[in-house]
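Visitor: Got a predicted model here, sequence first, then my questions.
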Amino acid sequence: MRWSIDLGSIAGTAIRVHVTFLLFLAFIGILAYRANGPQAAWDTLAFIVLIFVCVVAHEFGHVLMARRFGAKTRDVTLFPIGGVANMERVPEKPSQEILVSLAGPFVNLVIALGIMIWLGNSLTEEDFNNIGNSQASLALRIAAANLILMTFNLLPAFPMDGGRVLRALLALKWSRSRATKIAASIGQIFAFGLGFLGLFGNPFLLIIAAFIFIAAGAEADAAALHDSARDLTVGEAMMTEFSAVHPADTISASIERLIRSSNEIFPVMDETGRAFGIVTRLDILAALTENADTTPVSAIMHPVETILTEDENLETVLTHFEKSNVPALVVANNAERMIGLITRTAIAHAILVHTARPGWHSHHGGVTIDSLPGFRKISLKT
């Protein structure tokens, strides 16, 4: 993620901190210093850092549980409002999603109980009131904060943990898409209420409310996109006219192709029509700035790891894109000759056309590829 700093990795999952989190720490530290001096500033910063250590533990509760169901997590990023685990996918079985969602709050409960057992004390109302008091026990403040985090995350406000549990329960009766839309609507209603409370002196609640509202809407849109894609095939959305480059072409030789074409993405393929990878306009321009004129295109391309067929459901392609950051996916025939490219933009365009014209279906007759260096323009009929 842009503007994030790597802190290392745990069990194959990278931990990153967004620069806004560092700015948030500096802001809080300055406020505490001006109000109560350096000791209070250091205590406040220590408390916040420890809370975010607990947030990382919370996210790894999700990560490790999701891993049991085959879902990997590329990274966990810390923001001022909390942590975000970037999972390749959320388990679709309602029972699995419930377990993954509850794993995070369960970690907060374990931390709080562990501190109370270690101290031999239970939490009182005064401990919760003293969370912002630097003179109170730091350990008890951490325990109280973890119970608050657990409770807050369990509220049925999608996409928070409680909202995901609600979505999974709704999915037992309705489709996942409809369940997501209902849970997202409830989450946005909750966000309005939280934002209203924030108007009475707590701007941080306004930030959280905005995050919940936007994230819930994005999840609902993604569910609607999957629904629409389910009615289309790869062949109906793939691009069949594009410019190609040869694996042995140098960056210098590719400049002409880049200038003469409006394409943003170029397949890397040989004379037989076999695709080896994808290279973007930005990839070529970046290589030029490094004075790599003689570097072969194959050295900077995104290798082809997944090959699609034109009869596959378009929804499976969305899942591929959600799992990786590749700019495009290759579509090939039974002879492994490339017949098309699929991009996120191409999917969006096909869905828009299909929505506007429900009876529309694409009828392509073949693929036209601008000439490779040294080869004439060719057309591969399918």
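Guide: Looks like it came in fine. Numbering: from 1, shown residues only.

Visitor: So this protein: which segments form each domain?
Guide: Following automatic domain parsing, the chain resolves into domains at 4-229, 234-381.

Visitor: Correct me if wrong: residue 20 contacts residue 5.
Guide: No: between residue 20 and residue 5 there is no contact under CB atoms under 8 Å: 11.1 Å. For glycine as for every other residue, the C-beta is placed from the backbone atoms N, C-alpha and C.

Visitor: mean pLDDT lowest for which of the domains of the chain?
Guide: In terms of average pLDDT, domain 234-381 trails the rest of the domains of the chain, at a mean of 79.

Visitor: residues in contact with the residue nearest the centre of the chain?
Guide: The structure's the chain has its C-alpha centroid closest to residue 86; by CA atoms, centre = their mean the separation is 4.9 Å. Going by CB atoms under 8 Å, 6 or more residues apart in numbering, residue 86 touches 1, 73, 74, 75, 76, 77.

Visitor: same thing but 10 Å
Guide: By CB atoms under 10 Å, 6 or more residues apart in numbering, residue 86 lies in contact with 1, 13, 14, 16, 59, 63, 72, 73, 74, 75, 76, 77.

Visitor: Reformat the residues you listed as CSV; add neighbour count, distance to residue 273 and secondary structure.
Guide: As requested, the contacts of residue 86 are exported to CSV (neighbours: other CB atoms under 10 Å; distance: CB to CB, whole Å; DSSP: H, G, I helix; E, B strand; the rest coil):
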residue, neighbour count, distance to residue 273, secondary structure
1, 12, 37, coil
13, 19, 39, strand
14, 17, 37, strand
16, 22, 40, strand
59, 25, 45, helix
63, 25, 41, helix
72, 14, 33, coil
73, 21, 37, strand
74, 18, 33, strand
75, 18, 37, strand
76, 25, 42, strand
77, 22, 41, strand
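
Visitor: So what's the residue count around residue 151?
Guide: Residue 151: 13 surrounding residues under other CB atoms under 10 Å.

Visitor: Check residue 224 too.
Guide: When neighbours are counted by other CB under 10 Å, residue 224 comes out with 15.

Visitor: can you tell me the helix or strand for it?
Guide: Using DSSP states H and E, residue 224 falls within helix 203-229.

Visitor: Buried by neighbour count: which residues of that helix qualify?
Guide: 205-209, 211-213, 215-217, 219-220, 223, 225-229 (16 or more other CB atoms under 10 Å).
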